[in-house]
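Novice: Sequence and predicted structure are below.
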Amino acid sequence: ILNNYCARTIICIFTLPMAILAQIIQNTKHLYMFGVIKKIFGTKSDRDRKKFQPIVEEINTEFEKLRTLSNDELREQTNIFRSQIKEHLKDVESQIEGLRTQAIETEDILEKEELFKEVDELIKTRDLLLEEVLLDIRPKAFAVVKEAARRFTEDKNLSVTATEHDRELAAKAGKTYINITGDKATFANKWKAAGGDIEWNMIHYDVQLIGGMVLHDGIIAEMQTGEGKTLVATLPAYLNGLSGYGVHVVTVNDYLARRDSEWIGPLLEFLYLTVDCIDKYRPHSAERIEAYGCDVIYGTNNEFGFD
């Protein structure tokens, strides 16, 4: 049991009372057995990496394929994903809409209540179907975000065919990184976030791809300062933002909420998503209500909770 300890440690142990010595030996047995078990089965982190590694490889394979696409073709992947989601949910969405209309039009209170209960159950079914299709497109969707990040890193200006989405963004205050000239829109890789100048220079590492999958699965991902939490959030935010139901990214203070929404906003906006931060606006204001209509909504837990 004690063969891994130095002689000095053994001498010190044997000068202790027998009861304490017995407890130390017992604890050492447990530690030794725990070490053996860890070697055989691995840690939770090891098992998680083993689970996600094949998907990481799939993401990176899709990522390499995207290099040959034009900027317009890369952005178009968002519309393709949205079409896949819409097709997968069309039947249940039709049922929900029909029951909801029926519930609103009926005058019988009891019947109205029963109809809305049926709507609630169908929404649960829709959420399960949504998760199915999101998991199906996840490798390609993550690859699209990673490729967009690579292009913003390597090119100071990304030129695309201007769409209504681009024109609406360019017309908003503060969106100086978007320039419209004729039928072309240019996205610069420099902008301001929380008052500071940002030049995009981040591409997702494998560990950040894993972090994105962990977050999407509803599991807590612990990361230290500087390990790329802001970049990790782009992945599940984009994936879930494709649904059109909105995804809330919750931070611990309003500075981080504003900074992160402005930091990664241009990347997601380039991919046809809308991004805003509720902490910028007064509660119940028209601007905050509009922010809630975005695909990705940043905010603090307090503001989301009170709203």
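Specialist: Perfect, thanks for sending it. Numbering: from 1, shown residues only.
Novice: so who does the residue nearest the centre of the chain touch?
Specialist: Nearest to the mean C-alpha position of the chain, by Cα atoms, centre = their mean, lies Pro236 at 2.2 Å. Contact analysis of Pro236 by Cβ atoms under 8 Å, 6 or more residues apart in numbering lists 212-213, 215-216, 247. To be clear about C-beta, it is placed using only N, CA and C from the backbone, and glycine gets the same treatment.
Novice: Sort out for me which of those are in strands.
Specialist: With DSSP state E as the criterion, strands contain Val247 from among the contacts of Pro236.
Novice: Which of the contacts of Pro236 ranks first by neighbour count?
Specialist: Gly212 (28 neighbours; other Cβ atoms under 10 Å).
Novice: which intervals of this protein have sub-threshold pLDDT?
Specialist: 1-22, 24-42 (pLDDT under 70).
Novice: Can you identify each of the strands in it by residue range?
Specialist: In the chain, the strands defined using DSSP E lie at 157-161, 178-181, 184-188, 190-193, 196-199, 247-251, 275-277, 296-300.
Novice: among the contacts of Pro236, which are in helices?
Specialist: Under the assignment DSSP state H, the contacts of Pro236 contribute 212-213, 215-216 to helices.
Novice: Need the residues you listed in a markdown table (columns: distance to Phe304).
Specialist: Converted to a markdown table, the ones in helices among the contacts of Pro236 look like this (distance: Cβ to Cβ, whole Å):
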| residue | distance to Phe304 |
| --- | --- |
| Gly212 | 21 |
| Met213 | 24 |
| Leu215 | 17 |
| His216 | 19 |
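Novice: and of the contacts of Pro236, the nearest to Thr153?
Specialist: Nearest to Thr153 out of the contacts of Pro236 is Gly212 (Cβ to Cβ; 17.5 Å).
Novice: Verify the stated contact: the closest one with Asn240.
Specialist: No: Gly212 is beyond contact range of Asn240, at 10.7 Å (criterion: Cβ atoms under 8 Å).
Novice: Can you show me the helices along the protein?
Specialist: So, for the chain - with DSSP H - the helices run 7-14, 18-41, 44-66, 71-105, 109-154, 164-170, 206-216, 229-241, 254-270, 286-291, 301-306.
Novice: Would you tell me which of the ones you listed gets closest to Asp183?
Specialist: Asp183 sits nearest to helix 164-170 of all the helices of the chain, at 10.3 Å, using Cβ to Cβ.
Novice: Now the strands of the chain in JSON lines, please, with extra columns for distance to Asp206.
Specialist: Output for these, formatted as JSON lines (distance: least, Cβ to Cβ, whole Å):
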{"stretch": "strand 157-161", "distance to Asp206": "25"}
{"stretch": "strand 178-181", "distance to Asp206": "31"}
{"stretch": "strand 184-188", "distance to Asp206": "26"}
{"stretch": "strand 190-193", "distance to Asp206": "26"}
{"stretch": "strand 196-199", "distance to Asp206": "24"}
{"stretch": "strand 247-251", "distance to Asp206": "22"}
{"stretch": "strand 275-277", "distance to Asp206": "25"}
{"stretch": "strand 296-300", "distance to Asp206": "24"}
